[in-house]
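> sharing a model that was predicted from the sequence below.
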Amino acid sequence: MSQEKRFTFKPVKWNVVLVILLSGLSLAACGSRQQTTPPPQIPEVGVIVVHPQRVVLTIELPGRTSAFRIAEVRPQVSGLILKRLFKEGSDVVAGQVLYQIDPAPFQAALDNAKAALARAEANLLSIQLRVERYRELLTDKAVSQQDYDDAVSALKQAQAEIKYWKAQVWMARINLGYTKVTAPISGRIGRSYVTEGAIVTAYQSTPLATIHQLDPIYVDVPQSTADLLRLKRRLREGNLDYNERDQVKVKLILEDGTVYPHRGTLQFRDVSVDPTTGSVILRMIFPNPERVLLPKMFVRAVIKEGFKKDAILIPQQAVTWTPKGEPYVMVVGPGDRVERRMLQLDRAIDDKWLVVSGLSPGDRVIVKGLQFVRPGVPVKVTSWGKDKAAEGPRGGKGAGQQI
């Protein structure tokens with residue numbers, strides 16, 4: 001009997017086969033992806049080309065308005081207020097009658113002084129005639145020298161009495177005029193502190209009303225002595241040019257941010273420093289025909305410091321700050337590679353920074369695409385903003401913007 005070979009069928013482990021197939025497919029896919037990955041692209045940046053230009057430098061200082069002139073209306077005689085002859089908050093002119101004090105007692109005093117003056121003038125005539133008669137009789141020894149001297153003395157007393165009563169008439173007439181309380185200056189009058197029927201006294205401490213002259217009007221702003229010294233140093237070193245005719249013109253910004261339509265004039269700087277604030281007061285004068293500015297209003301004055309002929313301005317978005325707060329920019333250097341430049345900034349002018357040091361004319365400053373670059377990497381330079389330059393100043397494709 002022949003021996004038959006028996007074949008035992010073993011079941012296939014399909015899970016193992018599936019793993020092998022998937023591993024092969026993954027390796028094939030990885031190989032295909034490695035073959036099709038494109039090379040890394042050069043980042044594209046937008047730059048400006050730095051060009052110096054003439055820039056007017058200004059400083060903005062907060063301040064408050066004050067009236068050009070202030071007059072506190074006070075009575076010059078005592079009496080009873082009969083009438084108030086103005087409307088509170090209205091404009092008055094110099095010499096306008098504001099209050100009427102009862103004139104009756106002052107009219108009586110004037111009449112009394114006039115009567116006394118007339119009596120003294122009437123006595124003068126008889127005394128003068130007596131002196132003339134005694135002078136003639138004295139030559140004939142008809143009167144004594146003493147009688148003549150007494151007559152002359154009486155004449156002088158009568159003349160002095162006439163002068164006295166003339167002065168009393170003049171004073172009584174002045175006091176009668178003072179019963180009409182008038183405006184000493186033209187301007188806008190505030191509220192009245194007294195009403196009809198009030199008793200007032202001459203030169204009392206409490207004013208009857210207050211008048212403010214509002215056209216023109218003052219603006220007082222403090223300037224720190226540090227800023228003042230810095231400005232003088234820059235002028236002395238020649239870093240800033242000064243035109244006295246232009247510097248006295250001042251612009252004003254109101255509380256709501258609008259620009260006041262009229263330009264003012266810088267009057268003077270105070271000669272003393274406030275020890276509590278370390279500042280001096282600058283006084284400016286502004287026309288105020290529409291009465292827009294009122295006393296004690298908060299405003300901001302824009303004052304010209306001078307102008308810089310070779311100023312370098314760059315957009316604020318081009319400046320980056322280190323963790324220590326030091327400003328720097330990225331520039332495109334030779335070979336279109338990125339460089340980092342540390343800056344020294346002066347101030348912000350609109351949406352730009354005024355650069356003191358760190359940049360030179362012709363530098364290409366990166367404004368757009370800063371997040372994709374770092375020092376040393378090559379970049380593709382394109383224009384930024386309105387600048388249409390196609391060639392940078394140091395060779396290679398680039399863009400520039402005159403600012």
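Thanks, I have the structure now.

> how near is residue 293 to residue 121?
Per C-beta to C-beta, to the nearest Å, residue 293 is found 58 Å from residue 121. Glycine gets a C-beta too; all of them are placed from N, C-alpha and C.

> domain parsing for this structure?
Following automatic domain parsing, one gets these domains for the chain: 45-55+310-383, 57-67+211-300, 75-101+179-206, 103-178.

> mean pLDDT and mean neighbour count added to the ones you listed, as a markdown table?
Converted to a markdown table, the domains of the chain look like this (pLDDT from 0 to 100; neighbours: other C-beta atoms under 10 Å):
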| stretch | mean pLDDT | mean neighbour count |
| --- | --- | --- |
| domain 45-55+310-383 | 89 | 17 |
| domain 57-67+211-300 | 82 | 15 |
| domain 75-101+179-206 | 94 | 15 |
| domain 103-178 | 87 | 15 |
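
> where's residue 188 relative to residue 71, distance?
As judged by C-beta to C-beta, residue 188 and residue 71 stand 11 Å apart.

> partners of the helix or strand containing residue 267 in the sheet?
Using DSSP states H and E, residue 267 falls within strand 264-269. Taking DSSP bridges as the criterion, strand 264-269 forms sheet pairs with strand 249-253 (antiparallel), strand 279-286 (antiparallel).

> what does that strand rub up against?
Applying C-beta atoms under 8 Å, 6 or more residues apart in numbering, the contact partners of strand 264-269 are 218-219, 223, 228, 247-252, 280-287, 301, 303.

> centroid residue for the chain?
Geometric centre of the chain, nearest residue: residue 301, 2.8 Å, by C-alpha atoms, centre = their mean.

> tell me the contacts of that residue?
By C-beta under 8 Å, 6+ apart, the contact list for residue 301 reads 60-63, 219, 221, 250-253, 264, 282, 284.

> kindly report the same for residue 280.
By C-beta under 8 Å, 6+ apart, the neighbours of residue 280 are 222-223, 225, 228, 269-270, 272-274.

> show only the entries of those residues found in helices.
Secondary structure from DSSP state H places 225, 228 of those in helices.

> hang on, the earlier thing: what touches both of residue 188 and residue 71?
211, 213.

> would JSON lines of the strands paired with strand 264-269 with distance to residue 129 be doable?
Converted to JSON lines, the strands paired with strand 264-269 look like this (distance: least, C-beta to C-beta, whole Å):
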{"stretch": "strand 249-253", "distance to residue 129": "76"}
{"stretch": "strand 279-286", "distance to residue 129": "67"}
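
> between the ones you listed, which one is nearest to residue 209?
With distances scored as C-beta to C-beta, the stretch of the strands paired with strand 264-269 nearest to residue 209 is strand 279-286 (24.9 Å).

> could you check how far that closest one is from the centre of its chain?
Centroid separation between strand 279-286 and its chain, computed with C-alpha atoms, centre = their mean, to the nearest Å, is 8 Å.
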